[in-house]
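Novice: quick check, what structure comes out for this input:
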Amino acid sequence: RTKSTVSIIRVLTRKNQVRTDLDLCPLPPITCFPAKINQVFMNLIANAIDASGYEGVVKVRTRADGKHVVIDVIDNGSGIPPEIRNRIFDPFFTTKPVGEGTGLGLSISYGIVRDHGGVIRVDSTPGKGSTFTVDLPFAPPARKSTGK
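Specialist: Take a look at the predicted model:
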């Protein structure tokens, strides 16, 4: 699925002259809602392209790690200042100019990943770029029955 997501996003990469590097290791199948997971990566890759700016580089890397799949979306953009890093997953928080972002992409992505039993992390250095890492279990934890 990651390859198809990157293919869809190529229009943005051409517009901004951003290069995408793919380092996609074979992954075992995971139990998930594919359209929702695809949305997460569309959001992360689109944000990375925006952050990279003209002639930037976005790298997508996949690997299996024990009972999880791990996907990194790495950009060489402006990075995220430490003072706002703890707010980037908040609904309606955006650093984009008015009219260019809703502030919902990362918040929605965070919820989707959490609902799949995974985690999403960010490592960022201002002036050097950011790495968003999504860690998803092969199968999400069983949902607790409410007894209804």
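
Novice: all strands for this protein, in order.
Specialist: 19-24, 57-65, 68-75, 119-125, 129-137 (DSSP state E).

Novice: so the lengthiest helix in the chain versus strand 119-125, what angle?
Specialist: In the chain, ranked by residue count with DSSP state H as the criterion, the top helix is helix 34-52. Counting by axes from the mean of the first three to the mean of the last three CA atoms, to 10 degrees, helix 34-52 lies at 10 degrees to strand 119-125.

Novice: got a list of what Pro140 touches?
Specialist: 31-32, 115-118 (CB atoms under 8 Å, 6 or more residues apart in numbering). (Each C-beta comes from the backbone N, C-alpha and C, glycine too.)

Novice: sorry, back to before: the strands of the chain into a markdown table, with extra columns for distance to Arg87 and mean pLDDT?
Specialist: Listed next are the strands of the chain as a markdown table, based on distance: least, CB to CB, whole Å; pLDDT from 0 to 100:
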| stretch | distance to Arg87 | mean pLDDT |
| --- | --- | --- |
| strand 19-24 | 27 | 88 |
| strand 57-65 | 23 | 93 |
| strand 68-75 | 19 | 96 |
| strand 119-125 | 11 | 96 |
| strand 129-137 | 14 | 96 |
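
Novice: can I get those in TSV with mean neighbour count?
Specialist: Shown next, in TSV, are the strands of the chain (neighbours: other CB atoms under 10 Å):
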stretch	mean neighbour count
strand 19-24	13
strand 57-65	17
strand 68-75	21
strand 119-125	15
strand 129-137	20
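
Novice: of all these, which one is nearest Pro81?
Specialist: Nearest to Pro81, of all the strands of the chain, is strand 119-125, at 8.4 Å by CB to CB.
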